[in-house]
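Give me coordinates for this.
(chains A and B)
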2 protein chains.
Amino acid sequence: MKFIAEVNVMPLKALLDPQGKAVRLSMHNTGFKSVENIRIGKHIQLELEADSEIEAEDKVKEACEKILSNPVMEYFEFEVKKA
Amino acid sequence: MKFIAEVNVMPLKALLDPQGKAVRLSMHNTGFKSVENIRIGKHIQLELEADSEIEAEDKVKEACEKILSNPVMEYFEFEVKKA
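Here you go, the predicted model:
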């Protein structure tokens, strides 16, 4: 069966996020003054083949841990659904 | 009221996504051979102050159009919820 996974890889909350800080400044300068605490990470969509939803989730988790995220600086969350 | 927005900015489906292609190759080389069609974009979390959920959605939409995405190459989708 085919599954679609939506993965978010975000900078750890304990770390500064310079990209987010820069975007916050741009937003304040462009008039969006009510915006605070911007954090910017990656959004990854992928398709994969697996026998069951549980197997698909295990594969995505392993891929997140091994390739898609750097656990020293980032955490991930994901959702898997049938394609 | 405080709202939290979760924004995804992704490369348009009509465009190639070289970053996704590179990650797909790495995944195949590391044993994740069942993974296909990887697309990589940005995930942005932000907090904002607004009088209502509709106002918050309007602000986030405007911010996406003006700053957070480049409509020539990217599309966006977002969700707003109460903090």
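
quick check: angle from whichever strand in chain A runs longest to strand B:35-49?
With secondary structure taken from DSSP state E, chain A has its longest strand at strand A:35-49. Orientation of strand A:35-49 against strand B:35-49 (axes from the mean of the first three to the mean of the last three CA atoms, to 10 degrees) gives an angle of 160 degrees.

these two touch, right, residue A:48 and residue A:58?
No. Counting by CB atoms under 8 Å, no contact exists between residue A:48 and residue A:58, whose distance comes to 10.8 Å. Every residue, glycine included, has its C-beta placed from N, CA and C.

Neighbour count for those two, which is higher?
residue A:48 (24 against 13; other CB atoms under 10 Å in any protein chain shown).

In contact with the more buried one, which residues?
Applying CB atoms under 8 Å, 6 or more residues apart in numbering or on different chains to residue A:48 gives the contacts A:2, A:3, A:5, A:56, A:59, A:60, B:32, B:34, B:35, B:36.

Let me see the ranges of the strands in chain A.
Using DSSP E, strands in chain A cover A:2-11, A:35-49, A:74-82.

could I get those as TSV with mean pLDDT?
Output for the strands of chain A, formatted as TSV (pLDDT from 0 to 100):
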stretch	mean pLDDT
strand A:2-11	97
strand A:35-49	96
strand A:74-82	97
